[in-house]
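**Q** okay, predicted coordinates and the sequence, questions at the end:
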Amino acid sequence: MVTEFIFMGLSNSQELQIFLFVFFLVFYVGILFGNLLIVITVACDSHLHSPMYFLLANLSLIDLCLSSVTAPKMIADFCSKHKVISFKGCLAQIFLLHFFCGSELVILVAMAFDRYVAICKPLHYPAIMCGNACVGIVASAWGTGLLHAVSQLAFAVNSPFCGPNKIDSFYCDLPRVIKLACTDTYRLDIMVIANSGVLTVCSFILLIISYTIILMTIQHRPSDRSSKALSTLTAHITVVLLFFGPCILIYAWPFPIKSLDKFLAVFYSVVTPLLNPIIYTLRNKDMKTAMKCLRKWNVNFRVKS
Ligand SMILES: *[C@@H]1O[C@H](CO)[C@@H](O)[C@H](O)[C@H]1NC(C)=O
């Protein structure tokens with residue numbers, strides 16, 4: 001029986017380990033700082049109490065959790081020769097990863113829907129995106145994540161692991177872990193593709209359709225109003241492409257590119273979670289104003305106390 005798994009890591013060159021350690025540590029600190037900043041800014045500033053920013057804050061929270069599932073372990077592993085994870089730890093990683101990824105998908109779709117209503121049906125916006133709808137969306141995001149994670153983990157838990165325990169990656173990636181099971185893994189593979197693959201591809205198609213409709217609507221607008229909308233949209237679309245590209249290649253691409261997929265995984269575990277705050281805070285005027293206010297408020301507060 002296998003009680004632990006061994007990661008091969010991103011690279012086995014000794015000099016590169018130190019470089020990667022520093023590189024990803026900086027990334028991870030950036031992720032923690034940037035995403036917390038968004039959550040705090042949205043919570044504190046009442047100008048930002050609108051569905052779009054609530055969804056953004058929720059996305060940041062999920063990003064924070066998502067990268068915390070894999071990044072700290074990966075960073076710590078750069079310093080050790082034996083990159084070991086216990087069987088339970090591995091299952092926990094699979095569960096949490098799918099839980100947060102599933103929720104993130106729903107939030108991204110919801111953000112696209114929110115922009116669609118705001119831009120294409122502005123008069124109905126307050127009625128459609130009322131407070132209850134927003135809470136409902138967030139609740140269904142967590143619900144979907146939970147359902148997805150439980151259904152994925154069910155396959156991994158029930159498969160027998162008896163022999164090989166080396167994973168050529170830096171985290172417990174379900175398709176790779178399943179390959180190690182001592183059963184016919186073909187059916188398990190199909191299950192993963194049917195679950196994760198279909199979920200990602202369907203949400204991706206939904207997103208493409210909604211952004212296409214939005215872009216087509218914007219085309220017929222006077223240019224000053226459409227340029228602000230366009231800059232928000234490009235930010236959303238960039239995040240969507242960077243998040244979905246790797247997910248689809250790992251879980252739904254029929255021809256496995258095994259040597260590449262651990263590098264692709266770096267995208268959704270470290271790169272997109274950092275990009276969100278960068279894209280939204282640098283490009284969004286409301287966010288920038290709110291952060292300035294926050295800074296002033298902080299200074300006033302310090303002077304007074
Ligand atoms: C997530 O969205 C809900 C519903 O709109 C909101 O009440 C909550 O404050 C958001 N969470 C964060 C961390 O901003």
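**A** Yep, it's here. Numbering: from 1, shown residues only.
**Q** burial count for residue 199?
**A** Residue 199 is flanked by 22 other residues according to other C-beta atoms under 10 Å. All C-beta spots, glycine's among them, are computed from the backbone N, C-alpha and C.
**Q** confirm that it sits in a strand.
**A** No. Counting by DSSP: H, G, I helix; E, B strand; the rest coil, residue 199 falls outside a strand, being helix.
**Q** who touches it in this structure?
**A** 102, 105, 148 (C-beta atoms under 8 Å, 6 or more residues apart in numbering).
**Q** columns distance to the ligand on top of those, output as JSON lines?
**A** JSON lines is the format used below for the contacts of residue 199 (distance: C-beta to the nearest ligand atom, whole Å):
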{"residue": "102", "distance to the ligand": "16"}
{"residue": "105", "distance to the ligand": "16"}
{"residue": "148", "distance to the ligand": "19"}
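**Q** what subset of these is buried?
**A** For the contacts of residue 199, a burial check counting by 16 or more other C-beta atoms under 10 Å picks out 102, 105, 148.
**Q** and the last one, which of the three is it?
**A** Read that as residue 148. helix.
**Q** which residues are in contact with it?
**A** Residues near residue 148 by C-beta under 8 Å, 6+ apart: 98-99, 101-102, 195-196, 199.
**Q** got the phi/psi numbers for residue 8?
**A** Per-residue torsions, residue 8: phi -80, psi -20 (degrees, to the nearest 10).
**Q** what does residue 53 give?
**A** Backbone torsions of residue 53, given as degrees, to the nearest 10, read phi -80, psi -30.
**Q** what number of residues lie near residue 99?
**A** Counted with other C-beta under 10 Å, residues neighbouring residue 99 total 24.
**Q** on that earlier part again, among the contacts of residue 148, which lie within helices?
**A** The members of the contacts of residue 148 that map onto helices under DSSP state H are 98-99, 101-102, 199.
**Q** okay, those residues in a markdown table with pLDDT and distance to residue 253 next?
**A** Formatted as a markdown table, the ones in helices among the contacts of residue 148 follow (pLDDT from 0 to 100; distance: C-beta to C-beta, whole Å):
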| residue | pLDDT | distance to residue 253 |
| --- | --- | --- |
| 98 | 92 | 18 |
| 99 | 95 | 23 |
| 101 | 91 | 16 |
| 102 | 92 | 19 |
| 199 | 87 | 14 |
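**Q** wait, what's in contact with the closest residue to the ligand within the chain?
**A** The ligand sits closest to residue 57 of the chain, with a gap of 3.0 Å, by C-beta to the nearest ligand atom. Residue 57 makes contact with 38-39, 42-43, according to C-beta under 8 Å, 6+ apart.
**Q** right, I'll leave it there.
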